[in-house]
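Student: When you get a sec, could you give me coordinates for this:
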Amino acid sequence: MQEAWKRDKKYDHGVRLILLDGIGRPTRGRTATQEELTRALHDLAAG
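Tutor: All right, here's what the predicted structure looks like:
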């Protein structure tokens, strides 16, 4: 999955996250570290 992010249009020298402050209110995120991405994917897989 992480390799696919490198082809995403939002990828710019790292995965950038877009967060919502509410419905229709996006906030620019920050670049996630490799450790944060790995931990998040692990947590999602664990259910």
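Student: Check the offset of the helix or strand hosting residue 18 from the chain's centre.
Tutor: Using DSSP states H and E, residue 18 falls within strand 16-22. Distance, stretch centre to chain centre, for strand 16-22: 10 Å (Cα atoms, centre = their mean, to the nearest Å).
Student: Let me see the mean pLDDT of that strand.
Tutor: If you average the pLDDT over strand 16-22, you get 74.
Student: and that strand, what does it pack onto?
Tutor: Strand 16-22 sits against strand 25-31, with contacts defined as 3 or more Cβ pairs under 8 Å, 6 or more residues apart in numbering; DSSP states H and E. Every residue, glycine included, has its C-beta placed from N, CA and C.
Student: which residues of the chain score low on pLDDT?
Tutor: 17, 29-30 (pLDDT under 70).
Student: Report the buried residues of stretch 8-24.
Tutor: residue 15 (16 or more other Cβ atoms under 10 Å).
Student: Return it as CSV; C-alpha atoms alone will do.
Tutor: This file holds the C-alpha atoms of stretch 8-24, laid out as CSV (Å, rounded to 0.1, in the frame of the first residue of the first chain):
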residue,chain,number,x,y,z
ASP,A,8,-0.9,9.5,-5.7
LYS,A,9,-1.3,13.1,-6.8
LYS,A,10,-1.1,14.3,-3.2
TYR,A,11,2.3,12.6,-2.6
ASP,A,12,5.1,15.2,-2.4
HIS,A,13,8.3,13.8,-0.9
GLY,A,14,6.0,12.1,1.7
VAL,A,15,2.4,11.2,2.4
ARG,A,16,0.4,14.3,3.2
LEU,A,17,-2.7,13.9,5.2
ILE,A,18,-5.8,16.0,4.8
LEU,A,19,-7.8,16.4,8.0
LEU,A,20,-11.4,17.6,8.4
ASP,A,21,-12.4,20.3,11.0
GLY,A,22,-16.0,19.5,10.0
ILE,A,23,-18.1,18.6,7.0
GLY,A,24,-16.7,20.4,4.0
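Student: And the contacts of that stretch?
Tutor: 2, 5, 26, 27, 28, 29, 30, 31, 32, 37 (Cβ atoms under 8 Å, 6 or more residues apart in numbering).
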